[in-house]
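Asks: here is my input; please provide its structure:
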Amino acid sequence: MAAGHGIDFTVFKGSSSGKIVTSTTHKDGLKPDEVLLKITHAGLCGTDLHYKTTDMVLSHEGVGVVQQVGSDVTTFKKGDRAGWGYLHNSCGHCDECLSGNEIFCSKRAMYANADLDQGGFASHAIWKAGFLFHIPDEISSSEAAPLMCAGATVFNAMHLHGMISTDRVGIIGVGGLGHLAIQFAAKMGCQVVVFSHTEDKREEAMNLGASEFYATKDVQTLDIGAPLKHLFVTTSQQPEWKCYLKTLTPHAKIYPLTVSSDTLTLPYMQLVVNGITLQGSICPSRGTHVKMLRFAAFHGIRPIVQEFPMTEAGIEEAIDKLEKGKVRYRAVLVAKNDVSGK
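Replies: Presented below is the predicted three-dimensional model:
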């Protein structure tokens with residue numbers, strides 16, 4: 001990685017053919033507010049699949065060990081473990097930033113829209129200290145990586161929009177986001193009602209904290225007893241909305257949490273006459289992200305991970321398995337020389 005005239009490090013990028021290619025990123029050096037990380041673990045997210053044919057460094061679920069800090073950095077020191085997610089920077093002075101909602105800053109720097117020469121699939125990264133997160137000692141680096149996006153995304157929706165411990169909560173899908181949503185909702189004290197295509201994941205869902213489980217294949221009507229106050233959609237495809245809307249209480253909220261370019265089509269009258277809210281939600285702003293990590297550490301919430309080597313072949317294998325639905329439940333790429341001790 002080296003450099004008398006800056007810092008060079010290895011990165012793994014997408015390409016027009018979809019093949020992972022090894023490249024190099026050069027930085028002139030550390031700015032006063034920046035931190036240099038040696039990356040040890042990085043998660044593969046469904047969002048990454050959308051960019052594998054783009055000339056950019058993949059992964060926004062990075063965890064590593066601090067190697068150097070800029071002259072103004074007081075929040076990190078060499079040897080600390082740190083991670084980052086979707087958001088890299090914001091203006092700091094607009095209404096959204098000043099309200100603690102910097103994820104919605106009009107000048108936000110986010111994965112796939114800025115800093116395309118950096119990402120989790122790399123040997124190192126340089127980020128602003130203010131957009132890095134300390135990893136709690138209770139959480140391993142491999143487990144922490146998926147929390148940077150998947151865990152943060154589900155926690156954000158649950159934390160910000162009025163879900164309380166007496167609520168009955170529905171989760172569609174037991175996958176990368178769904179298996180974490182079950183754990184967070186259960187530890188928040190909610191009744192957790194899980195929907196999955198087949199019975200295959202019933203036992204696992206119940207062990208993760210589900211109160212009830214319903215297989216939906218070929219089911220025309222969902223008979224679940226008491227209705228749901230919140231419904232979290234974590235599947236890659238839209239559910240049969242007519243079926244699910246009948247499971248909701250008046251004033252219930254629906255949260256589509258996966259990335260899709262499809263048009264969202266809902267039965268209009270069912271939405272209107274029952275006062276249903278369709279709530280958009282993405283990764284959290286920093287304050288909520290920190291609370292998520294604290295909550296996960298205290299309550300023992302851990303992603304179920306499948307590890308792959310941080311190499312071209314390892315990344316391509318992980319992508320192939322994710323595309324085929326064979327990852328249970330988050331793929332994590334591990335650097336050859338993991339120095340995290342975790």
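
Asks: only C-alpha atoms for contact and neighbour calcs from this point on.
Replies: OK.

Asks: surely A331 and P303 touch.
Replies: No: applying CA atoms under 8 Å as the test, A331 and P303 come out as separate, 9.9 Å apart.

Asks: between these two, which one's more packed in?
Replies: A side-by-side neighbour count of A331 and P303, using other CA atoms under 10 Å, places A331 first with 28 against 24.

Asks: so the closest residue to that one other than its chain neighbours, which of the three states?
Replies: Nearest residue to A331, sequence neighbours excluded (CA to CA, 6 or more residues apart in numbering): Q306, at 4.9 Å. What DSSP: H, G, I helix; E, B strand; the rest coil gives for Q306 is strand.

Asks: which intervals of the stretch 1-150 of the chain have sub-threshold pLDDT?
Replies: 1-4 (pLDDT under 70).

Asks: okay, strands next: where are they in it?
Replies: 7-13, 21-27, 34-44, 61-69, 81-84, 87-89, 109-110, 124-128, 133-134 (DSSP state E, counting those that start in this stretch).

Asks: how far out from the middle of the chain is the third one?
Replies: Mean C-alpha position of strand 34-44 versus that of the full chain (CA atoms, centre = their mean, to the nearest Å) differs by 15 Å.

Asks: try stretch 16-30
Replies: Distance, centroid of stretch 16-30 to centroid of chain: 23 Å (CA atoms, centre = their mean).

Asks: what's in contact with it?
Replies: Contacts with stretch 16-30, where a contact means CA atoms under 8 Å, 6 or more residues apart in numbering, come from 5-15, 36, 52-55, 69-70, 117-118, 126, 312, 315-316.

Asks: circling back: how close does the residue nearest to A331 get to L160?
Replies: 30 Å (CA to CA, to the nearest Å).

Asks: neighbour-wise, which of the two wins?
Replies: Using other CA under 10 Å, the more surrounded residue of Q306 and L160 is Q306, with 16 against 11.

Asks: before we move on, the earlier item: can you tell which of the strands of the stretch 1-150 of the chain is closest to W241?
Replies: Among the strands of the stretch 1-150 of the chain, strand 34-44 comes nearest to W241, with 28.5 Å by CA to CA.

Asks: can you give me the pLDDT of K342?
Replies: Model confidence at K342, given as pLDDT, is 62.

Asks: actually, N337.
Replies: pLDDT, read off for N337, is 72.

Asks: burial count for the nearest residue to it once chain neighbours are set aside?
Replies: Of all residues beyond its chain neighbours, the one nearest N337 is T40 (7.5 Å), with distances taken as CA to CA, 6+ apart. Counted with other CA under 10 Å, the neighbours of T40 add up to 29.

Asks: same question, V290
Replies: Per other CA under 10 Å, the neighbour tally for V290 reads 17.

Asks: distance of it relative to Y214?
Replies: From V290 to Y214 the distance is 33 Å (CA to CA).

Asks: what's the answer for F133, then?
Replies: Distance from F133 to Y214, by CA to CA: 37 Å.

Asks: for L208, give me its contacts.
Replies: H179, I182, Q183.
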